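Chemist: Have a look at this prediction, sequence included:
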Amino acid sequence: MTKSQNDDRRWIWGWGAILTLVAVVIPLGAGSLFGYSDKMLVYAGAVVTALVALIAHTLTRQSNRRLAVEQKQSFGQLKLEAAMRAGQLVSSKDGLGVDRAAAASSLLALTRLDQAGLAVAMLVDLWDGGKDKVSTETAILVIDGALRSDQRNAQLMAAELLCRNARSLDACQSLHWPSAVDGGWDPQFGDKTKLLLFEALLDMTLTTKPNENALRSVAVRLYGVWAAEAAVAHRSKDVSHARVMGCVATLIKALLPQMEVLGYTDFIQGDSRVTLKDFTAAAATAADNPDEFLHRIVARRAEDLIAWSLRCDCVDLFQGSIASAVGQGGSPLLVVDRQDFKRPR
């Protein structure tokens, strides 16, 4: 007998004893002292009815708990079967190549069944390093699912895989960047996950053809990260958020001169409006990272961004170019009062 069943049994016996005392002992004692009446019988009947209802309720609880356990076991079995099925679908048969559609559906199904870590691990064999067994768009969807999961290890694996393949991505293509970190940055990512995502964004940007589309795109994405980290840094005693905020602000500061030259004053971040003044306010919080190694890396990356941004002097017209610089998913963190944020020291 399980612990929950023992608890229910004790609960039934306990309340049964109490109700028996109230329904039988007390009326009999009162009757012996003051005489019996029909009202006592009615009272006893009401209490007995309540006792029967209590027992029925307890039995229902036990049934619901048992059903929940069975459902959990069934879901676990479903995840196991999905994982085994995915392995079969993505494996080569009779020397033939992997079916791309089957591989894509299997990987995405795993991310929906809380198997994001397994999906990313399988993606390594299907997409990493130029493998063409699944499309880039499918790979990004799998990475996005892993980043949205609550599995820290899966998030780290996804960020690592994204970073390793970032130079083959196009900063102007929405399907080449996970929407989970495009206007929806999670400040609770692990430190290493954040650094890998930063590096992936910069590598993707610096290998994308320089144009105004790409410049606006990276600026909006960096601002989304800055706003999310700034909001948490404002109310948290954890200095790591302020340090991330200062590093991202340094990168925004590197892009700001060319953004001013191009004359844009309005940018779109989901359903929120970001202005050039917002970018200026963010750049004002730029600060050196106290870790000398990270400081040198950020400084070098900022120099690379400056050199790259100076060549962003034209608009590239391609399919989807109108929406190329619009961040996905509005973030309520963009409405924070920036006067509350002081330059990190």
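Modeler: That came through, no problem.
Chemist: which stretches of the protein form helices?
Modeler: For the chain, applying DSSP state H gives helices covering 3-20, 26-34, 38-90, 100-112, 116-126, 136-148, 152-164, 191-206, 212-235, 239-262, 276-283, 292-309.
Chemist: Which one of the ones you listed lies nearest to residue 180?
Modeler: helix 136-148 (4.1 Å; CB to CB). C-beta here means a position set from N, CA and C on the backbone, and glycine is covered the same way.
Chemist: tell me what the closest one is packed against?
Modeler: The elements that helix 136-148 packs onto, with contact taken as 3 or more CB pairs under 8 Å, 6 or more residues apart in numbering; DSSP states H and E, are helix 100-112, helix 116-126, helix 152-164.
Chemist: still on that earlier bit, same list (the helices of the chain) but as JSON lines, adding mean neighbour count and distance to residue 181.
Modeler: Conversion of these to JSON lines gives the following (neighbours: other CB atoms under 10 Å; distance: least, CB to CB, whole Å):
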{"stretch": "helix 3-20", "mean neighbour count": "12", "distance to residue 181": "41"}
{"stretch": "helix 26-34", "mean neighbour count": "12", "distance to residue 181": "66"}
{"stretch": "helix 38-90", "mean neighbour count": "13", "distance to residue 181": "25"}
{"stretch": "helix 100-112", "mean neighbour count": "19", "distance to residue 181": "16"}
{"stretch": "helix 116-126", "mean neighbour count": "22", "distance to residue 181": "15"}
{"stretch": "helix 136-148", "mean neighbour count": "22", "distance to residue 181": "6"}
{"stretch": "helix 152-164", "mean neighbour count": "22", "distance to residue 181": "9"}
{"stretch": "helix 191-206", "mean neighbour count": "21", "distance to residue 181": "6"}
{"stretch": "helix 212-235", "mean neighbour count": "24", "distance to residue 181": "8"}
{"stretch": "helix 239-262", "mean neighbour count": "21", "distance to residue 181": "12"}
{"stretch": "helix 276-283", "mean neighbour count": "19", "distance to residue 181": "17"}
{"stretch": "helix 292-309", "mean neighbour count": "16", "distance to residue 181": "17"}
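Chemist: which one of the ones you listed has the lowest average pLDDT?
Modeler: Averaging pLDDT over each of the helices of the chain singles out helix 26-34 as the lowest, with a mean of 55.
Chemist: Break the protein down into its domains, please.
Modeler: What automatic domain parsing lists as the domains of the chain is 3-67, 83-88+97-164, 166-345.
Chemist: quick revisit: how about TSV for the helices of the chain, with distance to residue 184 added?
Modeler: As requested, the helices of the chain are exported to TSV (distance: least, CB to CB, whole Å):
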stretch	distance to residue 184
helix 3-20	39
helix 26-34	62
helix 38-90	26
helix 100-112	16
helix 116-126	16
helix 136-148	9
helix 152-164	13
helix 191-206	12
helix 212-235	8
helix 239-262	15
helix 276-283	18
helix 292-309	23
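Chemist: This completes my enquiry, with thanks.
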